[in-house]
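Participant: coordinates only, sequence not included:
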DNA sequence: GGAATCACTGGGCAACTTGTGCAGTGGATG
DNA sequence: CATCCACTGCACAAGTTGCCCAGTGATTCC
């Protein structure tokens, strides 16, 4: 479950230069190719690395506007609302949360005007009582994982000295 | 900027089976290898595809708790707060927004108790006036892009006529 | 009309990488 | 002490990549 330093370096390396192969990684990390291969397999099979899908920029696709919408759901309608939102392509992710709202979703749109259309489509569903939207202006910290990986690798070291078990 | 059907199919294929090579893609898509290579290059150089970094699951790293925090910032302290938050590994992303709060950030933590530590660290900074946190319980729609890509590819067709094969 | 441009095809070639297997080493475990 | 396991280092066949080229049809420019 936890990762050690080599795992951490591997992930960071992979994050920085995703297209390099196993052989090149082994050279950079100073370990045998088989080791890298085994580590990678393990990281993927225990779910630390989910995959290597292309990171697509919605802006470049023509959807430069991002917003977060907090939704309030009528009791017992949760499943229907989830199913509804899953059918809207502009809904990039959806969470159910504690606190004021019941759900939080990330939306994109072609323009601020288009955002209205998206929100109408999102909210135009019976189970949704209220929605409040926050439009994203800037994104000072884009979705990242490297600092966390480095911390996780350090922490593991702290406890065990090196290798990860499982 | 816009993508056509072949681009769309390429991205979807890549999203579903990220480890396949250019040659295999050309076979699946029924086009020449050089075409796939040229398309991929174009998609990357115009920013539609940002990269192929590994998708790391914070849960598997030992951070199973996700939360969203809405922050209210003291006027004129925005830059300082951004810099502060960027140093916290548990801050996975940060947006400045319109609406009630001034910023919205995604956090992870090792446990609900640990979340308190993270929030304290996030909020323990002078420019932050108030924070309200929503803990994620479920994630019915994980971050996705395929439906949007498919819509964008369809829309492009609508305007330009079908360039790509069936 | 005619020329130039462009995306795509299909082929070839050398260099490289991958998947796989295997023997050997050293540290940890019981 | 015997065992297990991660790791190394080597080897080989098969496959892939990067890069080249000539040819074709469609579109655009002069």
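Facilitator: Arrived safely. None of the values given here were measured: they were computed from a predicted structure.
Participant: quick one: buried residues of the helix or strand of chain A with the lowest mean pLDDT?
Facilitator: Least confident helix or strand, chain A: helix A:146-160 with a mean of 82, by mean pLDDT, DSSP states H and E. For helix A:146-160, burial by neighbour count (16 or more other C-beta atoms under 10 Å in any protein chain shown) applies to A:147, A:148, A:149, A:150, A:151, A:152, A:153, A:155, A:156, A:157. For every residue, glycine as well, the C-beta is placed using N, CA and C.
Participant: now, among those, which is nearest to residue A:130?
Facilitator: residue A:148 (33.5 Å; C-beta to C-beta).
Participant: and chain A, which residues reach DNA strand C?
Facilitator: A:21, A:22, A:23, A:24, A:33, A:34, A:37 (C-beta under 7 Å from any atom of the strand).
Participant: give me the buried entries from these.
Facilitator: Buried among these by 16+ other C-beta under 10 Å: none.
Participant: out of the residues you listed, which sit inside strands?
Facilitator: The strands in this structure, assigned by DSSP state E, contain none of the residues of chain A next to DNA strand C.
Participant: mind putting those in CSV, pLDDT and distance to residue B:105 included?
Facilitator: CSV is the format used below for these (pLDDT from 0 to 100; distance: C-beta to C-beta, whole Å):
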residue, pLDDT, distance to residue B:105
A:21, 94, 35
A:22, 96, 35
A:23, 97, 39
A:24, 97, 35
A:33, 97, 39
A:34, 96, 40
A:37, 96, 36
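Participant: now, the residues you listed that are in helices?
Facilitator: A:22, A:23, A:24, A:33, A:34, A:37 (DSSP state H).
Participant: re earlier: quick one: the residues of chain A next to DNA strand C as CSV, columns for distance to residue A:94 too.
Facilitator: Shown next, in CSV, are the residues of chain A next to DNA strand C (distance: C-beta to C-beta, whole Å):
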residue, distance to residue A:94
A:21, 36
A:22, 36
A:23, 40
A:24, 38
A:33, 41
A:34, 41
A:37, 36
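Participant: from what I can see residue A:135 touches residue A:111, true?
Facilitator: No: using C-beta atoms under 8 Å, residue A:135 makes no contact with residue A:111, being 11.2 Å away.
Participant: could I get the full set of helices for chain A?
Facilitator: A:5-16, A:22-29, A:33-45, A:78-86, A:112-123, A:146-160.
Participant: residue ranges of each domain in chain A, please.
Facilitator: A:5-54, A:65-135 (automatic domain parsing).
Participant: with distance to residue B:142 added, can I get these in CSV?
Facilitator: Below are these laid out as CSV (distance: least, C-beta to C-beta, whole Å):
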stretch, distance to residue B:142
domain A:5-54, 9
domain A:65-135, 6
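Participant: so which of those comes closest to DNA strand D?
Facilitator: domain A:5-54 (3.0 Å; C-beta to the nearest atom of the strand).
Participant: picking up where we left off before, distance to residue A:99 for the helices of chain A - can I get that in a markdown table?
Facilitator: Conversion of the helices of chain A to a markdown table gives the following (distance: least, C-beta to C-beta, whole Å):
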| stretch | distance to residue A:99 |
| --- | --- |
| helix A:5-16 | 32 |
| helix A:22-29 | 42 |
| helix A:33-45 | 33 |
| helix A:78-86 | 15 |
| helix A:112-123 | 19 |
| helix A:146-160 | 23 |
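Participant: ok, the ones in helices among the residues of chain A next to DNA strand C vs chain B, which is closest?
Facilitator: Of all those, residue A:22 has the smallest distance to chain B: 11.2 Å, by C-beta to the nearest C-beta.
Participant: I figured the closest one hits residue A:39, correct?
Facilitator: No: using C-beta under 8 Å, residue A:22 is not in contact with residue A:39; the gap is 9.8 Å.
Participant: any idea how many residues pack against residue A:84?
Facilitator: The number of residues packed near residue A:84 is 18, by other C-beta atoms under 10 Å in any protein chain shown.
Participant: I figured it hits residue A:124, correct?
Facilitator: No: between residue A:84 and residue A:124 there is no contact under C-beta under 8 Å: 9.1 Å.
Participant: check residue A:2 and give its pLDDT.
Facilitator: For residue A:2, the pLDDT comes out at 86.
Participant: can you tell me how far it sits from chain B?
Facilitator: Relative to chain B, residue A:2 is positioned 6 Å away (criterion: C-beta to the nearest C-beta, to the nearest Å).
Participant: what's the closest non-adjacent residue to that residue?
Facilitator: In space, and not counting its chain neighbours, residue A:2 is closest to residue A:156: 4.3 Å by C-beta to C-beta, 6 or more residues apart in numbering or on different chains.
Participant: contact partners for that neighbour?
Facilitator: A:2, A:3, A:4, A:5, A:164 (C-beta atoms under 8 Å, 6 or more residues apart in numbering or on different chains).
Participant: show me what counts as buried in the top strand by length along chain A.
Facilitator: Taking DSSP E as the criterion, chain A has its longest strand at strand A:128-141. Within strand A:128-141, the residues that qualify as buried are A:128, A:131, A:133, A:134, A:135, A:136, A:140, A:141, counting by 16+ other C-beta under 10 Å.
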